[in-house]
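> Mind looking at a prediction? Sequence and model below.
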Amino acid sequence: MSDVETIEVPHLGTSTIGHRFGRAYDASLPTLVMVNSFSTSAELFRPQFADEELAAATNLLALEPYGHGRTRASYEQFTYWDSALADLQVLDALGIREAFVLGTSQGGWVAARMAMLAPHVVRGIVLLGTSMDAESRRSRDLGCWDGVGFCTPAIDALAEPVGADWAVPTALVDAVLAEGLGEDVSPGERAFWHRTHQENYAGDDGRRRLRTSSVNLRDRDGLHGRLDGVRCPVLWMHGTADPVYSVANAEDEIGLFTASAGAELRVVEGGRHFLSASHPDEVDRATVGFVERWR
């Protein structure tokens, strides 16, 4: 998507944040911020940008977290809290006073953090295929994946400096696609993500960003003790074919949004972990209804 741009914000010693609008900003419409999943980029939301009803109902704005896409920072270290704060600074820089936030997988963690940090800005959050826990024993007992086991080999493999001609191995990309979209990814879609990953994660800078992103995924803090800080409405959508975080976990955690104006879980039959990509029609229709209800 050649129309992905960058905008400068002051966080982390100044940062440039990758972002894309669906069309020219319309102040009369609510804004829907979209935050992508692990190692992907604004391109994850190609189905949403192509959805005419969603694009007509909202200002679509994809924001790439630290370590992803075109986002860069002066400092090498970052967390999901940093991405949440930087995204709020982007909204301020763009003159957008309020927004809904949709997050796929790790994007859900950023969305929840944005809602906690700035309840006066975030009108509602849409959580897709996510979890509000750390990579805990509790999580695994409820049928979620072993995130420590998945991430640690990649973190170890990415520990040493590499040359300028390095690019992320396609085997690692395939492992992400298997968890996010299943084994039956089309050849064209697989080739697209191979190419996109290798453009975004090239050279030693790409290695370091991917490694820190993997550390964040494995070692992140859980949010259970903070979820009463989310006061806006919550729509959580979760697929039955999600191998990373389970429906049982979502059913348990939706009840932790005790101060939310309204928290709802919708289960999507056959939905994958990257739910916005695997089942865009269901996600987009539900999101339009959610925004129209709470705007």
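Ah, there it is.
> C-alpha only now, for contacts and for neighbours.
Noted.
> from memory residue 238 sits against residue 268, does it?
Yes - using Cα atoms under 8 Å, residue 238 is in contact with residue 268, at 5.8 Å.
> just the helices in the stretch 51-200 of the chain please.
52-57, 80-93, 106-117, 137-141, 147-157, 170-181, 187-200 (DSSP state H, counting those that start in this stretch).
> With mean pLDDT, mean neighbour count and distance to residue 260 added, can I get those helices in CSV?
Converted to CSV, those look like this (pLDDT from 0 to 100; neighbours: other Cα atoms under 10 Å; distance: least, Cα to Cα, whole Å):
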stretch, mean pLDDT, mean neighbour count, distance to residue 260
helix 52-57, 97, 16, 24
helix 80-93, 98, 21, 19
helix 106-117, 98, 25, 10
helix 137-141, 98, 14, 23
helix 147-157, 97, 14, 28
helix 170-181, 97, 17, 28
helix 187-200, 97, 16, 36
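> will you turn those into JSON lines that also has distance to residue 277?
Formatted as JSON lines, the helices of the stretch 51-200 of the chain follow (distance: least, Cα to Cα, whole Å):
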{"stretch": "helix 52-57", "distance to residue 277": "14"}
{"stretch": "helix 80-93", "distance to residue 277": "22"}
{"stretch": "helix 106-117", "distance to residue 277": "13"}
{"stretch": "helix 137-141", "distance to residue 277": "24"}
{"stretch": "helix 147-157", "distance to residue 277": "21"}
{"stretch": "helix 170-181", "distance to residue 277": "8"}
{"stretch": "helix 187-200", "distance to residue 277": "11"}
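> coming back round to it: give me the more crowded residue out of residue 238 and residue 268.
Between residue 238 and residue 268, counted using other Cα atoms under 10 Å, the more crowded position is residue 238 (31 against 18).
> Pull the residues that contact the host helix or strand of the more buried one.
For residue 238, the host element (DSSP states H and E) is strand 234-239. By Cα atoms under 8 Å, 6 or more residues apart in numbering, the residues outside strand 234-239 that reach it are 124-130, 246-247, 250, 254, 260-273, 275, 283, 290.
> Now with 7 Å, please.
124-129, 247, 260, 262-273, 275 (Cα atoms under 7 Å, 6 or more residues apart in numbering).
> Now which of these would you call buried?
Among the contacts of strand 234-239, the ones that count as buried by 16 or more other Cα atoms under 10 Å are 124-129, 247, 260, 263, 265-266, 268, 271-273, 275.
> which ones among the residues you listed are found in strands?
When these are checked against strands (DSSP state E), the matches are 124, 125, 126, 127, 128, 263, 265, 266, 268.
> how far away is the last one from residue 275?
Per Cα to Cα, to the nearest Å, residue 268 is found 9 Å from residue 275.
> same question, the fourth one
With distances taken as Cα to Cα, residue 127 is found 10 Å from residue 275.
> Give me the pLDDT for the residue lying farthest from the centre of the chain.
For the chain, the C-alpha farthest from the mean C-alpha position belongs to residue 163; by Cα atoms, centre = their mean, that distance is 29.1 Å. Residue 163 carries a pLDDT value of 98.
> What sits closest to the residue nearest the centre of the chain if chain neighbours are left out?
By Cα atoms, centre = their mean, the chain has its centre lying nearest to residue 107, at 2.1 Å. Once flanking residues are discounted, residue 107 sits nearest to residue 35: 4.6 Å by Cα to Cα, 6 or more residues apart in numbering.
> sorry, back to before: can I get the ones in strands among the buried ones among the contacts of strand 234-239 in TSV with pLDDT?
Shown next, in TSV, are those (pLDDT from 0 to 100):
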residue	pLDDT
124	98
125	98
126	99
127	98
128	98
263	98
265	98
266	98
268	98
